[in-house]
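Undergrad: Predicted model and sequence below, questions to follow.
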Amino acid sequence: MSNMKKEMANYAADINRASNDENIQKALGRAVASYRKNVTEALDRYPHTLEMAEEVKAIKLKALDNWQPLMEEAMEAIRRNHGQAYFAKDGAECIQKIHEIIGPRREIVKGKSMLGEEIHLRQELAALGHDVWETDLGEFILQLNDERPMHILSPAIHMPREQVAEVFSKFFGREIAPEVAEEVAAVREFLREKYFTADVGISGANAVAAETGQIAIIENEGNVRLCTGVPPIHIAVVGIEKLVPSFIDAMKVCEVNWRFGQYGAPGYLNVISGPSKTGDIEKVTTYGAHGPREFHVIFVDNGRSDMIADPRYKEAALCLRCGGCMYECPVFALTAGHFGHTYMGGIGGIWTAFVEKDKEEAAPVLYNCLRCGRCIERCPMKIDVPSMTAQLREDVMKKYE
Ligand code: SF4
Ligand code: SF4
């Protein structure tokens, strides 16, 4: 119990510190107001989203029950499309597989992926000798500042522009003004070259259509297009809960996801089925045209199958990672993200319990929830986080009785 006490005490100290951090208050105050305004506008403009969210919930609940046959179907389709597909039971297997595919000392450009955060993808690949660049602006800021995301959709949400300017000025070795446009331009200029020199692009996925083997990735910045379209090898790392039966199902998941992520329409929706190809000369299909010549998909479990198999927590696996709940959570509004854990907010406590090696790792995060239920109102999947939190607290504490 003493370890648990220590973890709780450390966590409480972190949370207290965060709640007194002026940068966090400033940045979150701006972000919450802007999210609420944008999501209200998006849902008013496209009112069918609410009904579609119910449909997506039903599609995903059924898909979770069938994740194994769906994964086999998807793997077969990906191979038929001249890609490669694999299953990794945990993070270590996933990292090992990537290392095997790409060989030693590669330059890698990476898009945002919470699964990547969960398995410490960048850090583990760097430890194996690879040079890894985060290309999502928020993730890039955190890479430079040696931090981890504070929100699942907006990783650097806790940093106001003034603080970002300090980090960039130090890294680029010149004065970057605390103006968002100037900050974005500096990163654009720096990363542009990396896309073309990188050996490998790594992405996540928002949904996978088992029938056709297509993966869908939502983004706004255009970095995912470049990561998945320019380097000669593209590897997608995907949680097994992202599988749905058909392409149309995957599109519905994406539309609900981006709408609750506050967008009427996102900048880009990337749909990828295999390596680039052409049949323009004598109708001879040749793989490796302008885009990647190799496409690999690694389906990762890492605790998800246990979550899905337990009826008390299965619905947590419905989470689309839209991030809406966090903007409504009174605790998150004061403290932002994880403080040592990948997943944050109330839903983060449930996920932490399944994806970390020991369930008790989730204990401090579980006590970060007031069980007020505001997150359920915002959640497109209506995930009952407060009830699951109460149940998990019992489960975790039982171990110490
Ligand atoms: S129930 Fe918990 S996670 Fe949900 S909004 Fe309230 S405090 Fe936040
Ligand atoms: S719990 Fe719901 S609102 Fe929160 S990120 Fe997941 S799907 Fe979105």
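TA: Happy to help now that I have it. The structure presented is a predicted model; accordingly, all values stated were derived computationally and were not measured. Numbers count the residues shown, from 1 in each chain. Ligands and ions are numbered 1, 2, ... in the order given.

Undergrad: Which stretches in the stretch 201-350 of the chain count as helices?
TA: When secondary structure is read from DSSP state H, counting those that start in this stretch, the stretch 201-350 of the chain shows helices at 223-229, 247-260, 304-309, 324-328, 330-335, 345-355.

Undergrad: quick one: which of those helices is nearest ligand 1?
TA: Nearest to ligand 1, of all the helices of the stretch 201-350 of the chain, is helix 345-355, at 2.3 Å by C-beta to the nearest ligand atom. In this view, the C-beta of every residue, glycine as well, is placed from N, C-alpha and C.

Undergrad: Which elements pack onto the helix or strand just after the closest one?
TA: Using DSSP states H and E, the helix or strand that directly follows helix 345-355 along the chain is helix 363-366. Packed against helix 363-366, as judged by 3 or more C-beta pairs under 8 Å, 6 or more residues apart in numbering; DSSP states H and E, are the following elements: helix 2-19, helix 345-355, helix 385-398.

Undergrad: will you turn these into TSV that also has mean pLDDT, mean neighbour count and distance to E193?
TA: As requested, those are arranged in TSV below (pLDDT from 0 to 100; neighbours: other C-beta atoms under 10 Å; distance: least, C-beta to C-beta, whole Å):
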stretch	mean pLDDT	mean neighbour count	distance to E193
helix 2-19	76	13	36
helix 345-355	91	27	35
helix 385-398	90	17	43
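
Undergrad: those strands in the stretch 201-350 of the chain, which residues are they?
TA: Secondary structure of the stretch 201-350 of the chain by DSSP state E, counting those that start in this stretch: the strands cover 207-209, 214-219, 233-239, 243-244, 268-272, 277-278, 286-287, 294-300.

Undergrad: before we move on, the earlier item: reformat the helices and strands packed on helix 363-366 into a markdown table and put distance to ligand 1 next to each item.
TA: Converted to a markdown table, the helices and strands packed on helix 363-366 look like this (distance: least, C-beta to the nearest ligand atom, whole Å):
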| stretch | distance to ligand 1 |
| --- | --- |
| helix 2-19 | 13 |
| helix 345-355 | 2 |
| helix 385-398 | 4 |
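
Undergrad: So, low pLDDT: which residues of the stretch 1-150 of the chain?
TA: Confidence mapping of the stretch 1-150 of the chain against pLDDT under 70 gives the ranges 1-3.

Undergrad: Write out the residues of it neighbouring ligand 2.
TA: Among all residues of the stretch 1-150 of the chain, none is adjacent to ligand 2 (criterion: C-beta under 6 Å from any ligand atom).

Undergrad: likewise the stretch 201-350 of the chain?
TA: Applying C-beta under 6 Å from any ligand atom, we find that the stretch 201-350 of the chain lies next to ligand 2 at 260, 319-325, 347.

Undergrad: possible to save the residues you listed as CSV with distance to Q68?
TA: Formatted as CSV, the entries for these read as follows, by distance: C-beta to C-beta, whole Å:
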residue, distance to Q68
F260, 28
C319, 20
L320, 21
R321, 22
C322, 26
G323, 29
G324, 30
C325, 29
I347, 24
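
Undergrad: Pull the most distant pair out of those.
TA: Based on C-beta to C-beta, the longest span within these runs between F260 and I347 and measures 12.9 Å.

Undergrad: rewinding a little: looking at the helices of the stretch 201-350 of the chain, which has the lowest confidence?
TA: In terms of average pLDDT, helix 330-335 trails the rest of the helices of the stretch 201-350 of the chain, at a mean of 85.

Undergrad: Counting by contacts, list what that one packs against.
TA: The helices and strands touching helix 330-335, judged by 3+ C-beta pairs under 8 Å, 6+ apart, are helix 2-19, helix 22-45.

Undergrad: Make TSV out of those and add distance to A74.
TA: Supplementary listing: the helices and strands packed on helix 330-335 in TSV, determined by distance: least, C-beta to C-beta, whole Å:
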stretch	distance to A74
helix 2-19	38
helix 22-45	30
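
Undergrad: related to what we said a few turns ago, could the helices and strands packed on helix 363-366 be laid out in a markdown table, adding distance to E282?
TA: As requested, the helices and strands packed on helix 363-366 are exported to a markdown table (distance: least, C-beta to C-beta, whole Å):
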| stretch | distance to E282 |
| --- | --- |
| helix 2-19 | 63 |
| helix 345-355 | 50 |
| helix 385-398 | 58 |
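
Undergrad: near ligand 1, which residues of this structure?
TA: Contacts of the chain with ligand 1, taken as C-beta under 6 Å from any ligand atom, map to 328-331, 345-346, 369-375, 385-386.

Undergrad: Please parse the chain into its domains.
TA: Structural domains annotated on the chain: 2-48+310-398, 66-305, as defined by automatic domain parsing.

Undergrad: For K60, find the nearest of those domains.
TA: K60 lies closest, by C-beta to C-beta, to one member of those: domain 2-48+310-398, at 5.2 Å.

Undergrad: quick one: that closest one to chain centroid distance?
TA: In this view, domain 2-48+310-398 has its centroid 15 Å away from the chain centroid, taken as C-alpha atoms, centre = their mean, to the nearest Å.

Undergrad: ditto for stretch 70-84
TA: Centroid separation for stretch 70-84 versus its chain: 22 Å, with C-alpha atoms, centre = their mean.

Undergrad: hang on, the earlier thing: which one of the domains of the chain lies nearest to E55?
TA: With C-beta to C-beta as the criterion, E55 lies closest to domain 66-305 of the domains of the chain, at 6.4 Å.

Undergrad: Next, the distance between the ends of the closest one.
TA: Counting by C-alpha to C-alpha, to the nearest Å, you get 11 Å between the two ends of domain 66-305.

Undergrad: what's the answer for stretch 363-379, then?
TA: Taking C-alpha to C-alpha as the measure, stretch 363-379 stretches 23 Å from start to finish.

Undergrad: what mean pLDDT does that stretch have?
TA: The average of the pLDDT scores along stretch 363-379 is 91.
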